[in-house]
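Undergrad: Give me a model of this one.
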Amino acid sequence: MHPFMRRHAAILAGLTVTLTACGGGDSKPTDNLSKAGTTANGGLPVGTGGTGGTGAVTTAPVITVQPANATAQSDGQAKFSVVATGDGLSYQWRKNGMNIAGATSASYTAPSASLSDQGAQYSVVVSNAGGTVTSLSAQVTLALSANQQAFEDLNLAPSAGSHLLHWNLPYSGNSVSGINYAYSDVGQLAVSPLNAGPQTVTQSAARNLTATLALPTIAPTRVLKNGVILVVPNAGISNRISYVGGDVRVDTLAADKMTVAFSELRSDFVTVPLTGLISATPADFAQFHNSFFSNPAILDGNASYAAGASYLKFKQTNYGDRYNVFDCNTATTGAAVSTCKTNTTLTSAMTAGMTSNSDGVTYRLADGVTSVVNGVPMWVANKPRPQSATLSSTVQYRIYFEMGGNLYTGALIKDSTVLGGSYYVSNPLGTTTAERLTFLPFDIRMNKAAHDSLLAAMKL
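TA: Numbering: from 1, shown residues only. Now for the predicted structure:
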């Protein structure tokens, strides 16, 4: 090659290298040189795009479907999702502007909702190599379930509250004061637990439904919990009401009105109107209140229900194991229940055998399981107590436990057991309890109009 051509070829080669370096590897180097606002991300403005390593420009994400507002019941879950276009997308969900650990997919299911989640704002940041975009915020709203709405319709002010009847009345013939009685009490919510959190409701003082029968003195309920015997007074019982999912949780408080003695869940609420004559009362309401309707000496069947009278029927389920404690000999009213045996151990007493007069059974060590429950040695029967002893559809198991060298007795109601509400005489000629009585696996409360209708129809 001519020396002149060799010299110019070298110059041209140097010029080509210089242009390639300035162009960042683009096949059209002048395209990048003409862009304004160049930065360190390959010559593109921040957040507008990038390269995927092959020279192609990555487009920033675009949200095409925003997260939608969500409604959740207490202890329920709110769900959110987003739809975005773009390559190599990543997601980060936020609650009230704060990143949620592990929430890095296109959808997010929040944990069980609580009072603090009312009005919470959820958004998501969608990112890729081309930039980021933040969604609009979606809001959580807590909502009542149908069960909770029915519960509040009866219990929440301005309703006059939930009325409960208590009675010991004969199925036929005359009632005797000092033996028989009939009274009621009422409880009312001031505000909804949905927005205000758990609420404590204290039942009113007893209201005598009769003019001829004295009010009774009824022993309190005693339960063993965490190694201590708790007393739940019969009068002025306090219940803490909260909402769990679509159900209503009722925590019954001990005498200090702070310690939870036992709990239940209420569900399957049905509101039923009461209209027309007392004699035409729906069967489940009449059977639940058995003696009132079976004995013509108690209610005037020709009386009518007042306008707006209704009742609420529901299922109760035990929430957690409940250990009721009973007197074994002398009747008591406090935490110092009477013992079955003193100066003994559980194993020696059960080896010898313990006879329950109410159950009509002699229980022995092999008839149950011995364990330690919250620090207390306890024996639990394998078979349920007979219904003739419990007069309830609630399944109970006889227990014996040792405390301070003494032996005590009671009954276990296991977690998730359906709690019976009442029973009625379905076959007066039956020879056994099971033949004579039908036990009802539901409970009932009534509104003021229904309560006052029965009160007006009382003959006693």
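
Undergrad: wait, is Ala456 part of a helix?
TA: Yes: Ala456: assigned to a helix according to DSSP: H, G, I helix; E, B strand; the rest coil.

Undergrad: What count of nearby residues applies to Ala366?
TA: When neighbours are defined as other CB atoms under 10 Å, Ala366 has 9 of them. In this view, the C-beta of every residue, glycine as well, is placed from N, C-alpha and C.

Undergrad: Starting from Thr355, give me the distance back to it.
TA: Ala366 sits 15 Å away from Thr355 when distances are taken as CB to CB, to the nearest Å.

Undergrad: Ok, Ala457 next?
TA: Counting by CB to CB, the gap from Ala457 to Thr355 is 45 Å.

Undergrad: Comparing these two, which residue is more hemmed in?
TA: Neighbour totals were compared for Ala457 and Thr355, and Ala457 leads with 19 against 10 (other CB under 10 Å).

Undergrad: Show the pLDDT at the residue nearest to the more buried one when sequence neighbours are not counted.
TA: Using CB to CB, 6 or more residues apart in numbering and skipping the chain neighbours, the partner closest in space to Ala457 is Ala303 (3.7 Å). According to the predicted model, the pLDDT of Ala303 comes to 97.

Undergrad: and if you look at Leu213?
TA: Confidence at Leu213, expressed as pLDDT, is 97.

Undergrad: Kindly report the same for Asp26.
TA: As summarised for this prediction, Asp26 has a pLDDT of 38.

Undergrad: so the most centrally placed residue in the chain bridges to which residues?
TA: For the chain, the residue lying nearest the average C-alpha position, counting by CA atoms, centre = their mean, turns out to be Val244 (2.7 Å). The bridge-partner assignment for Val244, based on DSSP bridges, gives Asp247.

Undergrad: Pull the number of nearby residues for the residue nearest to Ala457.
TA: Neighbours of Ala303 under the rule other CB under 10 Å: 16.

Undergrad: do the one 10 residues further on as well
TA: Lys313 has 20 neighbours, counted by other CB under 10 Å.

Undergrad: The chain should start at 667 in everything you say after this.
TA: Okay, residue one is now 667; in that scheme the one you just asked about reads as Lys979.

Undergrad: Where does it sit: helix, strand or coil?
TA: Quick answer, by three-state DSSP: Lys979 is strand.

Undergrad: Touching, it and Val938? I think so.
TA: Yes: with contacts defined as CB atoms under 8 Å, Lys979 counts as touching Val938 at a distance of 6.2 Å.

Undergrad: Dump stretch 769-788 to CSV, keeping only the CA atoms.
TA: Backbone C-alpha positions of stretch 769-788 (Å, rounded to 0.1, in the frame of the first residue of the first chain) are rendered in CSV as follows:
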residue,chain,number,x,y,z
ALA,A,769,-45.2,-8.4,50.6
THR,A,770,-43.5,-8.5,47.2
SER,A,771,-46.0,-10.0,44.7
ALA,A,772,-48.8,-8.6,42.6
SER,A,773,-51.4,-9.4,45.3
TYR,A,774,-51.4,-9.1,49.0
THR,A,775,-53.6,-10.6,51.8
ALA,A,776,-53.4,-8.6,55.0
PRO,A,777,-53.4,-10.4,58.4
SER,A,778,-56.5,-10.8,60.4
ALA,A,779,-58.2,-7.4,60.7
SER,A,780,-58.6,-5.7,64.1
LEU,A,781,-59.8,-2.3,65.4
SER,A,782,-56.6,-0.6,64.4
ASP,A,783,-57.1,-1.6,60.8
GLN,A,784,-60.2,0.6,60.3
GLY,A,785,-59.3,3.0,57.6
ALA,A,786,-55.8,1.7,57.0
GLN,A,787,-54.3,2.6,53.6
TYR,A,788,-52.6,0.1,51.3
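
Undergrad: How about residues contacting it?
TA: Residues from elsewhere that reach stretch 769-788 (CB atoms under 8 Å, 6 or more residues apart in numbering): 733, 736, 738-750, 755-763, 766, 790, 803-808, 861-863.
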